[in-house]
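> Return atomic coordinates for the entry below.
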Amino acid sequence: MKRRRFRKISWGTVFWIALVWVLLWGDLHPGNILAGAVIGVAVQELLPLPRIPYSGKIRPLRLLGLVGRFFVDLIVASFHVAAVALDFRKQPKGAVIGVQTRSASDLYLTLTAQITTLVPGSVVVEAIRSNGMLYVHFIDVSFQGGVEGMRQGILETEARIMRAIASEAELAEAEVEL
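Numbering: from 1, shown residues only. Presented below is the predicted three-dimensional model:
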């Protein structure tokens, strides 16, 4: 009989799951904390996520720049979407645009897709892991220089992500300058 080995438990993940559990119950009771911790361990054991290899280097200033630019994009896009929604004279021209990302890494593809989706007016409708293709719906293509401007904006987001957390080898492979 083969003995089952337990996976390595990420206690940080257990903490966050327990915190969410306590917040959902709205009561900081020891039983709720314990139940949240047990659920955190159970989730990691029963529903494991695949490991994403990461060999990059975190650059704090570039990471701060990435976060700052994300907030600027968030604010600008929020005002633009509000203006589009309130302007009854103009019908926005939406489109789904295919963007071929430069990196083959699941991590950078996922982060690019998440940041793109979090900005109002755009949503990733499909991400193809095998070739690094993102299909993004934009509510108003005339914003930010049309289709090519939108495509270039997504590639710039990917480049900022890679500059913030990728290794030098990954940057060179994707032809992104530091």
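
> list the buried ones in stretch 164-175?
Ala164, Ile165, Ala166, Glu170, Leu171, Ala174 (16 or more other Cβ atoms under 10 Å). (Glycine included, C-beta is placed from N, CA and C.)

> So, low pLDDT: which residues of this structure?
1-7 (pLDDT under 70).

> residue ranges for the helices of it, please.
Using DSSP state H, the helices of the chain run over residues 11-25, 30-46, 60-86, 106-118, 146-165, 168-173.

> domain parsing for this structure?
11-46, 60-173 (automatic domain parsing).

> so how far is the first residue of the last one from its last?
Start and end residues of domain 60-173 are separated by 22 Å (Cα to Cα, to the nearest Å).

> do the shortest one as well
Domain 11-46 has its terminal residues 16 Å apart, counting by Cα to Cα.

> circling back: could the domains of the chain go into JSON lines alongside distance to Tyr54?
Below are the domains of the chain laid out as JSON lines (distance: least, Cβ to Cβ, whole Å):
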{"stretch": "domain 11-46", "distance to Tyr54": "15"}
{"stretch": "domain 60-173", "distance to Tyr54": "6"}
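
> For Ile52, which of these is the nearest?
domain 60-173 (5.0 Å; Cβ to Cβ).

> Centre-most residue in the protein?
Centroid check for the chain by Cα atoms, centre = their mean gives Gln114 as the closest residue, at 2.7 Å.
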